[in-house]
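My questions are about this predicted structure, shown below with the sequence.
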Amino acid sequence: MPHLRQLARELGAHKVLLDLPDRVLYRYDAIAEGEVPLAVVLPESTEDVVRVVRWSREHGVPLVPRGAASGLSGGAVPVSQGVVVSFTRMRTLRIDPDRRIAEVEPGVVTFEISEAASPYGLYYPPDPASHKQSTIGGNLAENAGGPQCFKKGVTGDYVAELEWVDAEGMVHRSGREAYDVAGLLVGSEGTLAMITRAWLRLEPRPRHTRTLMAHFPEVGAAAEAVSRAIARGVVAAKLEFMDSACIRAVEDAFQLGLPTGAAALLLVDTDGDDLEVVEEELELVAEACREAGGAVHRAADAAEAERLWQARRAVSPALGRIHPHRMNEDIVVPRSRLPEVVRRIRELGEAYELPLAQFGHIGDGNLHPNILYDPRETPEEQVHELAHAIARVALEHDGVLSGEHGIGLTKRTFLGEALAPETLSALQAIKRSFDPENNFNPGKVLP
């Protein structure tokens, strides 16, 4: 198409992929398949993004922003003929230790921020399980969390400023004052603007960390232990949950010594600069676990603690090894409702006769039920029906549809049940205000 060749001339041919074999690769994310894009743009600077946005506005061609494509809601796949903007070449990373700030472009891998800050005794707390693959642009788009979200917070809690390009191709730099535009853009899934740079807060690493594992004969008992511990004032640095399906999958794949006979497992870190407080919090968690019927094991040293956390990070690849096809749900419910919710989700899996694994950041009420299936044997409609039933469980228990994976494509139709019509209208008005031509990631988030 002439207008695509014009874009290649403006940016340089090495920044625009037009060949079909190259373009096909960009129709996928971690779980979803979309349309083959007309072209793929690989910007190397904010100026490149400005040119792409202005070209898009001139020709009426939608843009789909993309990071490392590790997303789990279809947010980075094209749903119509458009251009994918892949930010993987925008990788500037600077640490300002005096201000405790990391200046990053969207293509920086999340884990690299803490690596760069480490010589200064600093780190970047948000740590999604994909932190060695996912990029900060995707984390910003989804407001990603991770095991430390209960105590440390999620991506948006660490954003000091954002640089972004609006639908007219104008560049802005916004902090958290006035209308907090930066806060609005975090979690907007690329539907409002193109984020081209972020200034992120860093924190000193805590001096002490202690770790325990507790396993339980029944899945709801693990959730009850979490509720008991938090009711006693514990604010654990990490508080993670795995059910029996996850335990067996990880152990079969990696032989890490997990208790395969357990129905559920909790992994817990407490941390801080006061060792006495760190130890006291860990013991409060241990007591809560024992009272709920759990068996408790404390990590003897940092090496054993790392091995235990390796098990949690291994859940997704271990499940993928068993069932390449899975639908990864992402719900959040009040912690007081956790025992009831995890039991109800387990019952749904049994009722639909589909393998279902549960894990997640249970300290924050964030659960990831995974529906495992073989598309040759299970109709996709049945999988989506179970996913919808799980979403309804969250809503019935005063929860929400997503904690960190976003709404994207896969949960878009659920929003009509989750939000009042007046609220949806307000969100649509925001979208029109930022993106009146609907060129930024169309077909995502809003039904």
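All right, it came through fine.

use CA for all of it now, contacts and neighbours both
Noted.

what sits up against the host helix or strand of A387?
If you go by DSSP states H and E, A387 is part of helix 380-396. Residues from elsewhere that reach helix 380-396 (C-alpha atoms under 8 Å, 6 or more residues apart in numbering): 327, 329, 331-333, 341, 344-345, 348-349, 352, 371, 373, 400-401, 414, 418.

any idea of the mean pLDDT for the following helix or strand past it?
Using DSSP H and E, the helix or strand that follows helix 380-396 in sequence is helix 415-418. Averaging pLDDT along helix 415-418 gives 88.

who's in contact with W199?
W199 neighbours (C-alpha under 8 Å, 6+ apart): 101-104, 159-162.

Okay, now stretch 100-117: how far is its last residue from its first?
9 Å (C-alpha to C-alpha, to the nearest Å).

Same question for stretch 256-263.
17 Å.

buried ones in that stretch?
258-260, 262-263 (16 or more other C-alpha atoms under 10 Å).

same question, stretch 172-182
Those would be 174-175, 182, for stretch 172-182 by 16+ other C-alpha under 10 Å.

Just the residues you listed: which are in strands?
Here DSSP state E is the test, and the buried residues of stretch 172-182 give S174 as lying in strands.

Quick check: closest non-adjacent residue to A102.
I95 (4.6 Å; C-alpha to C-alpha, 6 or more residues apart in numbering).

That neighbour in helix, strand or coil?
When classified by DSSP: H, G, I helix; E, B strand; the rest coil, I95 comes out as strand.

That one: neighbour count?
Number of residues near I95 (other C-alpha atoms under 10 Å) recorded here: 21.

Among the buried residues of stretch 172-182, which one lies nearest to E283?
E283 has its nearest neighbour among the buried residues of stretch 172-182 in A182, at 39.4 Å by C-alpha to C-alpha.

how near is the closest one to F414?
A182 is 26 Å from F414, by C-alpha to C-alpha.

can you give me phi and psi for V83?
Backbone torsions of V83, given as degrees, to the nearest 10, read phi -120, psi 130.

circling back to that earlier point, can you redo the buried residues of stretch 172-182 as JSON lines, where the extra columns are pLDDT?
As requested, those are exported to JSON lines (pLDDT from 0 to 100):
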{"residue": "S174", "pLDDT": "97"}
{"residue": "G175", "pLDDT": "95"}
{"residue": "A182", "pLDDT": "97"}
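
which regions of the stretch 201-350 of the chain sit below the pLDDT cut-off?
The model of the stretch 201-350 of the chain has no residue with pLDDT under 70.

how about the CA coordinates for stretch 75-90, as PDB?
C-alpha atoms of stretch 75-90 as PDB (Å, rounded to 0.1, in the frame of the first residue of the first chain):
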ATOM      1  CA  GLY A  75      -4.500  -6.600  24.900                       C
ATOM      2  CA  ALA A  76      -1.600  -6.500  22.400                       C
ATOM      3  CA  VAL A  77      -3.200  -8.400  19.500                       C
ATOM      4  CA  PRO A  78      -4.800  -6.500  16.600                       C
ATOM      5  CA  VAL A  79      -8.500  -7.000  16.200                       C
ATOM      6  CA  SER A  80      -8.700  -5.100  12.800                       C
ATOM      7  CA  GLN A  81      -6.500  -4.100  10.000                       C
ATOM      8  CA  GLY A  82      -3.900  -1.800  11.700                       C
ATOM      9  CA  VAL A  83      -0.300  -1.300  12.500                       C
ATOM     10  CA  VAL A  84       1.500  -2.800  15.500                       C
ATOM     11  CA  VAL A  85       3.900  -0.500  17.300                       C
ATOM     12  CA  SER A  86       6.400  -2.700  19.100                       C
ATOM     13  CA  PHE A  87       8.500  -0.700  21.700                       C
ATOM     14  CA  THR A  88      11.300  -3.300  22.100                       C
ATOM     15  CA  ARG A  89      14.000  -1.100  20.700                       C
ATOM     16  CA  MET A  90      13.300   1.800  23.100                       C
END
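
next one: that stretch to chain centre, how far?
Averaging C-alpha coordinates over stretch 75-90 and over its chain gives two centres that are 18 Å apart (C-alpha atoms, centre = their mean, to the nearest Å).

just stretch 169-189 next, same as before
For stretch 169-189, the distance to the chain centre is 20 Å (C-alpha atoms, centre = their mean).
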